[in-house]
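A.B. asks: Sequence and predicted structure below; questions after.
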Amino acid sequence: MLEVGIRGTREMEVTPADTAKAYKSGTLDVLATPRMLALMEETAWTSIAEELEEGTGTVGTRLEVSHLAPTPVGMRVRCETVLTEVEGRKLTFFVEAHDEAGKIGEGVHERFVVDEARFQGKADRKKEKP
């Protein structure tokens with residue numbers, strides 16, 4: 001049962017593969033913004049996955065996040081999410097990330113509950129159109 005208040009947590013250590021340089025989102029050896037966003041999405045969807053009916057999943061539809069501080073290679077990052085709103089199939093999460101020195105990002109993430117087979121079929125049919 002999807003209810004407001006469900007929390008999620010994930011941690012990672014920043015490696016060279018996670019940097020802005022590696023993601024081509026910048027030139028520095030610091031946690032790339034796209035990598036932080038991926039951690040936030042992963043934390044959100046995994047926090048509610050066990051509450052979903054079989055054959056359903058969630059897809060991200062909106063992410064409004066501020067990346068507040070850099071994190072160098074070797075530091076650990078912890079992401080926490082809270083499900084703040086359930087409106088039909090639309091789920092809204094507050095997302096936040098911290099490294100060992102403090103907060104590095106925060107914002108809002110929206111996901112929609114979908115029938116996985118139908119959603120994948122719709123996406124695959126796009127390749128059939130000229």
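C.D. replies: Received it, and whenever you're ready, just let me know what you need.
A.B. asks: separation between residue 96 and residue 48?
C.D. replies: 17 Å (CB to CB, to the nearest Å). Where C-beta positions appear, they are placed from N, C-alpha and C, glycine not excepted.
A.B. asks: neighbour count winner among these two?
C.D. replies: Taking neighbours as other CB atoms under 10 Å, residue 96 and residue 48 compare with residue 48 leading, 21 against 18.
A.B. asks: That one contacts residue 91, correct?
C.D. replies: Yes: with contact defined as CB atoms under 8 Å, residue 48 reaches residue 91; the gap is 6.8 Å.
A.B. asks: Quick check: neighbours shared by the two?
C.D. replies: Shared contacts of residue 48 and residue 91 (CB atoms under 8 Å, 6 or more residues apart in numbering): 2, 58, 83.
A.B. asks: So which residues of the chain form strands?
C.D. replies: Using DSSP state E, the strands of the chain run over 7-13, 56-67, 76-87, 90-99, 102-115.
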